[in-house]
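In: here's a sequence, model it:
(chains A and B)
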Amino acid sequence: MVPPMTIPAAATFSGTDLACLRGGRVVFAGLGFSLESGGALVLLGPNGSGKSSLLRVMAGLLRPAHGVLAWDGEPVGENPEGHNARTHYLGHHDAVKPVLTVAENLRFWAHLHDSHAGRAGLAVETALDRFGLSHLAAIPGKMLSAGQKRRTNLARLLAAPSPLWLLDEPTTALDKASIKALEAVLAEHRAQGGMVVLSTHADIDLPGATEMHLDEFAVAEEFP
Amino acid sequence: MNRFLEVVRRDLRLALRQGSDSVMVVTFFVLTVVLFPFGIGPEVNVLERVSAGVLMVTALLASMLSLDRLFQADYEDGSLELLVLTPTPLGVVVAAKILAHWLTTGLPLMVAAPVLAVLLHMQPEGFATLLAAMALGTPILSLIGGIGAALVLGARRGGVLLSLLILPLYVPVLIFGVGAIDAAVQGMSAKPHLLILSGILVAALVLAPWASAAALRQALE
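Out: Numbers count the residues shown, from 1 in each chain, chains lettered A, B, ... in the order given. I've put the predicted structure just below:
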């Protein structure tokens, strides 16, 4: 079971008129979205269309060049720590320390996200179990394969509950069984009122998800 | 506060398991100091005259050795992004990392310094002041160094760039640290020098973590 979390019955995460600049180039502009509790948003588009940039903007790692991100109508930029507390971001790197064991890696991130240590301790076990990592709990990170590292990173989502999950190509390096496990976890999270935004090139089963094609928000380059 | 200790504990655990950094820093410190008697000859009064300066300059270079690893490893494996995204102000996380850095490099340097002072024939009157100057000075080195380490993050040849950025900022620590020891050896009061060092430490404690945090955010954009 996914640990229960305390989120308001209905929350809205939305962005209006977002634009993102990378290295002097406009990656996307005029982008808007709105996500309700239980909703999912799938970001599609060719390489370089700004899927990762949008996820980083949503996480607060990148400041949007224009536009506002809001949680229940309150701009996210006004309370970044509050936004961090309700968000899990999963990027391209797995943040697994080679000299720490799988359980130690996970426990550190869980405690850091949610400092109620006792609760996180139990959640860590459950999270390892859900992603089939229980037998690897005492193995140091340097021994893991790419897929096992990715699963350790994914287990963070369950080890410390948060309503908003931002996943940048979560299926990279995962085998079919693990993708199934991830799909089940995503479905449970949404059933409990959580939100998911993910970018992907692979097929991932997310019933009722809204699709967003990032290339529609590209800005034509102007050549003088 | 919980999260602060959590980060300190993790960085100490990483340092202990990887082992190399503290040992490398102290070995560098000892070897470099030992080179001086070979270079300038074994005359007691010459060595005694330069002992304070040699110890402080060498400690400063040694503490810089490990600085470029302060954020680099976390930056490369993606941990830094997650550290930035914790529900704690980034300055607190950075302060915790800097404390762990000081515990694994500054503290061993401080312990090694009196032993090397004997080797350089420093007057015994200077020992207590040497320890005090190191206790106040090495945390400043870690704090200021943290800003530099954050600024050069992602740059190629960051280590060299880091020295160019940080060494000029270490000059006040050097001046007042050596000043304090010299004063004590000559029978004068070291207090004014130590008070100024304390002042610099307090200012660095307040400002450096936030400056490093701002630089880290910049590096991740």
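In: what about residue 68, how many neighbours?
Out: Because you didn't say which chain, this covers chain A. 14 (other CB atoms under 10 Å in any protein chain shown). (Each C-beta comes from the backbone N, C-alpha and C, glycine too.)
In: please refer instead to chain B.
Out: By other CB under 10 Å, neighbour count at B:D68 equals 22.
In: likewise for B:I144?
Out: 24.
In: excluding residues flanking it in the chain, which one is nearest it?
Out: Leaving aside its sequence neighbours, B:I144 sits nearest to B:L169 (CB to CB, 6 or more residues apart in numbering or on different chains; 5.1 Å).
In: got the residues of chain B near chain A?
Out: Residues of chain B found near chain A (CB under 8 Å from any CB of the partner chain) are B:2-3, B:6-7, B:10, B:13-14, B:17-18, B:76-79, B:81-89, B:220-221.
In: at 6 Å instead, please
Out: B:2-3, B:6, B:10, B:17-18, B:77-79, B:81-82, B:85-87, B:220-221 (CB under 6 Å from any CB of the partner chain).
In: need the helix or strand of chain A with the lowest average pLDDT.
Out: Ranked by mean pLDDT, DSSP states H and E, the weakest helix or strand in chain A is helix A:117-130, scoring a mean of 79.
In: B:S63 touches B:T104, doesn't it?
Out: No - at 10.6 Å, B:S63 does not count as touching B:T104 under the criterion of CB atoms under 6 Å.
In: those two: who's more crowded?
Out: B:S63 (26 against 20).
In: by contact count, what packs against the helix or strand encompassing that one?
Out: Element membership for B:S63, per DSSP states H and E: helix B:44-65. Applying 3 or more CB pairs under 6 Å, 6 or more residues apart in numbering or on different chains; DSSP states H and E, one finds that helix B:44-65 contacts helix B:20-40, helix B:158-185.
In: wait, what's in contact with the residue of chain B at minimum distance from chain A?
Out: Residue of chain B nearest chain A, by CB to the nearest CB: B:G78 (2.5 Å). Shown in contact with B:G78 (CB atoms under 6 Å, 6 or more residues apart in numbering or on different chains): A:91, A:93, A:95.
In: near chain B, which residues of chain A show up?
Out: So chain A meets chain B at A:61-62, A:81, A:84-85, A:89, A:91, A:93, A:95, A:99, A:108, A:111-112, A:115 (CB under 6 Å from any CB).
In: farthest pair within those?
Out: Greatest spacing in the residues of chain A next to chain B, by CB to CB: A:L62 and A:V99 (30.5 Å).
In: so between those two, which is more surrounded?
Out: More crowded of A:L62 and A:V99, by other CB under 10 Å: A:L62, with 20 against 16.
In: I'd say that one and A:S52 touch.
Out: No - checked against CB under 6 Å, the pair A:L62 and A:S52 is beyond contact range at 9.5 Å.
In: show me the contacts for the residue nearest the centre of chain A.
Out: The centre of chain A sits closest to A:L166, judged by CA atoms, centre = their mean, with a distance of 2.2 Å. With contacts defined as CB under 6 Å, 6+ apart, A:L166 is in contact with A:55, A:58-59, A:89, A:197.
In: at 10 Å instead, please
Out: A:13, A:41, A:43, A:54-61, A:87-91, A:195-199, B:85 (CB atoms under 10 Å, 6 or more residues apart in numbering or on different chains).
In: also B:L151?
Out: Counting by CB under 10 Å, 6+ apart, B:L151 touches B:71, B:158, B:161-162, B:165-166, B:211-212, B:214-216, B:218-219.
In: please enumerate the strands of chain A.
Out: Taking DSSP state E as the criterion, chain A contains strands spanning A:12-22, A:25-36, A:40-44, A:66-71, A:74-75, A:87-90, A:164-168, A:195-199, A:210-213.
In: what about these, which gets the closest to B:V26?
Out: strand A:87-90 (38.1 Å).
In: paired strands for the closest one, with orientation please.
Out: Sheet pairing of strand A:87-90 (DSSP bridges) gives strand A:164-168 (parallel).
In: and the gap between the nearest residue to B:L220 once chain neighbours are set aside and B:L82?
Out: For B:L220, ignoring the flanking residues on the chain, the nearest one in space by CB to CB, 6+ apart is A:L61 at 5.7 Å. Distance, A:L61 to B:L82, by CB to CB, to the nearest Å: 10 Å.
In: center of chain B, which residue is that?
Out: B:L141 (3.6 Å).
In: which one is that residue nearest to, not counting chain neighbours?
Out: In space, B:L141 comes closest to B:S63 once its chain neighbours are excluded; the distance is 4.5 Å by CB to CB, 6+ apart.
In: surely the one you found meets B:A112?
Out: No - with contact defined as CB atoms under 10 Å, B:S63 does not reach B:A112; the gap is 11.9 Å.
In: got any residues that touch both of those two?
Out: Counting by CB under 10 Å, 6+ apart, the common neighbours of B:S63 and B:A112 are B:25, B:29.
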